[in-house]
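model this:
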Amino acid sequence: MLLDKFLYPVEKAQHDLQNAAKHAQYLAECINYYYRDHGLTKEQARDISQQFRFLAIKIAQIDSLSDLKLIYEATTFFTHRMSEFKHHDRKYAIENSIRKHILNKLGTCIAIENNFQRRLSFMDQNQNKIDSEDKSLSSAW
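Model (predicted):
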């Protein structure tokens, strides 16, 4: 039970990463249908769709904090590039969708991972302190 509570944030982060990857796949599909609404050519839409699929794969393969930070940085630059293609309604903007459904999730996962690493470090420090106290006590006897 305690272990479940301890690991829940990490499991939630994994779930969020999978949802972000799914959203990138969804955007890859949508961009091929609605490319004209964003002022894209068919060729641009194919290229962007391929980049979204690549992004989905990379998100699904994240297995370290450094990977996560690298993908966050690349996605931020990609989002900036997508800001050039405007939709007349902001809620359908590519940039907005990436930010809300991918970047925000990646950012949350970075925070969760940082907190988890701090907890592990704190637990290691406490365990080392307990171990040294146990050694002191046993040598005193």
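
so how far is Ile98 from the nearest residue to Ile102 once chain neighbours are set aside?
Spatial nearest neighbour of Ile102, excluding adjacent residues (CB to CB, 6 or more residues apart in numbering): Ala20 at 4.7 Å. The way it works is simple: take the backbone N, C-alpha and C, and place the C-beta from them, glycine included. With distances taken as CB to CB, to the nearest Å, Ala20 is found 10 Å from Ile98.

still on that earlier bit, over to the residue nearest to Ile102: give its phi and psi.
Ala20 adopts backbone torsions of phi -70, psi -40, taken as degrees, to the nearest 10.

what is the neighbour count of it?
Ala20 is flanked by 25 other residues according to other CB atoms under 10 Å.

ok, it - contacts?
59, 101-102, 105-106 (CB atoms under 8 Å, 6 or more residues apart in numbering).

buried residues, the helix or strand in which Ala13 is found. List them.
Element membership of Ala13, judged by DSSP states H and E, is helix 2-33. Residues 9, 13, 16-17, 20-21, 23-25, 27-28, 30-31 are the ones in helix 2-33 that count as buried (16 or more other CB atoms under 10 Å).

now Thr108: closest residue in space, sequence neighbours ignored.
Nearest to Thr108 is Asp16, by CB to CB, 6+ apart, at 6.2 Å.

actually Tyr35, not the one I typed
Leaving aside its sequence neighbours, Tyr35 sits nearest to Ala45 (CB to CB, 6+ apart; 3.5 Å).

and the one you found, what does it touch?
Shown in contact with Ala45 (CB under 8 Å, 6+ apart): 31-32, 35.

mind checking pLDDT for the residue positioned nearest the centre of the chain?
Nearest to the mean C-alpha position of the chain, counting by CA atoms, centre = their mean, stands Leu106 at 2.5 Å. We have a pLDDT of 94 for Leu106.
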